[in-house]
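Asks: Could you work out the structure for the sequence below:
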Amino acid sequence: MDGEQPVPSPPMPFENTLLDSSMSLEQKTTFAFVILLFIFLGILIVRCFRILLDPYRSMPTSTWADGLEGLEKGQFDHALA
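Replies: Here you go, the predicted model:
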């Protein structure tokens, strides 16, 4: 060691070590999309079970004949003429 300094090794690119040690961008995107699909599926399952347990809560309280003035149910012939 006659005054020679050790030659530093060339710095490794951060991008290559990141991709080698973990998932690629495509894998991360796919993983995030699958997680979002599972969340959406969970919301739909909860909604379906709520409808099955109490089906009349999701129905509207008004009927189709509430808006008719002076007409009885089923008398559309006079309303169209």
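
Asks: Please count neighbours and contacts with C-alpha atoms only from this point.
Replies: Will do.

Asks: shaky segments in the protein?
Replies: For the chain, applying pLDDT under 70 flags the ranges 1-4, 6-21, 62-81.

Asks: Where is the longest helix in it?
Replies: Secondary structure of the chain per DSSP state H: the longest helix is helix 25-53.

Asks: Distance of the closest residue to residue 57 other than its chain neighbours relative to residue 24?
Replies: Excluding the flanking residues, the one nearest residue 57 by C-alpha to C-alpha, 6 or more residues apart in numbering is residue 51, at 7.8 Å. According to C-alpha to C-alpha, to the nearest Å, residue 51 stands 41 Å off from residue 24.

Asks: Please apply the same query to residue 49.
Replies: Counting by C-alpha to C-alpha, the gap from residue 49 to residue 24 is 38 Å.

Asks: Residue 58 too?
Replies: 44 Å.

Asks: Those two - which one has more neighbours?
Replies: Between residue 58 and residue 24, counted using other C-alpha atoms under 10 Å, residue 24 has the larger neighbour count: 12 against 9.

Asks: Report the separation between residue 57 and residue 41.
Replies: Where residue 41 is concerned, residue 57 sits at a distance of 22 Å (C-alpha to C-alpha).

Asks: Repeat that for residue 30.
Replies: Residue 30 is 16 Å from residue 41, by C-alpha to C-alpha.

Asks: and what of residue 52?
Replies: 16 Å.

Asks: Over to residue 28?
Replies: 20 Å.

Asks: now residue 54
Replies: From residue 54 to residue 41 the distance is 20 Å (C-alpha to C-alpha).
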